[in-house]
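Asks: Here you go, sequence then predicted model.
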Amino acid sequence: MNVMDILKSYAERPTDTQQDFDEVARLVPADALGEGIADALRSDKTPDFGSMAASLFGGSNPQQRSGMLGQLIRSLGPALLSTVAGGALGRALQGRGGAGAAPADLSGADLERVTPEQVREIATAAQAQDPTVLDRIGAYYAEHPQVVKVLGGAALAIALAQVANRLKR
């Protein structure tokens, strides 16, 4: 196949990564989609995990934000929770069991006080503490694929390619 054949296929069917992602998300098993999302989160062709986590947080509803923070909290552990992002989560959970409190203990008001920049810091620390957090965030957002589209075309293309690779096996 020459270059013109490849380009012709794009001219005949322009790629819409977001639409393709929507279709694939509906059709593939959640575990394959989650692994693809996790691969996009760890790729060197996308922004760092902390930045992408902040984008996901910003595009999520309060319930999804709570779920995401829950994944990050589990990776941080109680000792680090009050030291990251100016102690934002530690303060929010104070009086509710402290760092051992469940993420479900975060109220809507608590979630409104957590900024995407703080989530970036929390996610970066969580990844340093426990690199498997990317897999858990990928699996979590496989259940909420509409939010993943905030990561942009490059991340979606990587996720789709990784899903394709997994399904070939």
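Replies: Perfect, thanks for sending it. Numbers count the residues shown, from 1 in each chain.

Asks: Going by C-alpha atoms from here, please, whenever you check contacts or count neighbours.
Replies: Noted.

Asks: quick one: buried residues of the lengthiest helix in the chain?
Replies: Identified as the longest helix of the chain according to DSSP state H is helix 62-81. Neighbour counts using 16 or more other C-alpha atoms under 10 Å place 62, 64-76, 80-81 of helix 62-81 among the buried residues.

Asks: which two in the residues you listed are spaced the farthest apart?
Replies: Greatest spatial distance among those (C-alpha to C-alpha): Pro62 and Leu80, at 23.4 Å.

Asks: mind checking pLDDT for Glu112?
Replies: On pLDDT, Glu112 comes in at 76.

Asks: Next, it: secondary structure please.
Replies: When classified by DSSP: H, G, I helix; E, B strand; the rest coil, Glu112 comes out as helix.

Asks: Let me see the contact set for Ala25.
Replies: Ala25 makes contact with 33, 142, 145 under the criterion C-alpha atoms under 8 Å, 6 or more residues apart in numbering.

Asks: which one of those has the most neighbours?
Replies: Leu33 (28 neighbours; other C-alpha atoms under 10 Å).

Asks: Helix or strand with the lowest mean pLDDT in this protein?
Replies: Every helix and strand in the chain was compared by mean pLDDT, DSSP states H and E; the lowest is helix 88-93, with a mean of 58.

Asks: hmm, back to that, in strands, which of the contacts of Ala25 appear?
Replies: Judged by DSSP state E, the contacts of Ala25 include no members of strands.

Asks: could these be laid out in a markdown table, adding distance to Gln162 and pLDDT?
Replies: Below are the contacts of Ala25 laid out as a markdown table (distance: C-alpha to C-alpha, whole Å; pLDDT from 0 to 100):
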| residue | distance to Gln162 | pLDDT |
| --- | --- | --- |
| Leu33 | 9 | 96 |
| Ala142 | 13 | 98 |
| Pro145 | 15 | 96 |
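
Asks: tell me which of the residues you listed is nearest to Arg113?
Replies: Closest approach between those and Arg113, by C-alpha to C-alpha: Pro145, at 24.7 Å.

Asks: Skipping its backbone neighbours, what lies nearest the closest one in space?
Replies: Leaving out its chain neighbours, the residue that sits closest to Pro145 by C-alpha to C-alpha, 6 or more residues apart in numbering is Ala25, at 6.6 Å.

Asks: Run the chain-centre distance for whichever helix or strand Leu56 is part of.
Replies: According to DSSP states H and E, Leu56 maps onto helix 49-59. Between the centre of helix 49-59 and the centre of its chain there are 7 Å (C-alpha atoms, centre = their mean, to the nearest Å).

Asks: repeat for stretch 51-68
Replies: Relative to its chain's centre, stretch 51-68 lies at 8 Å (C-alpha atoms, centre = their mean).
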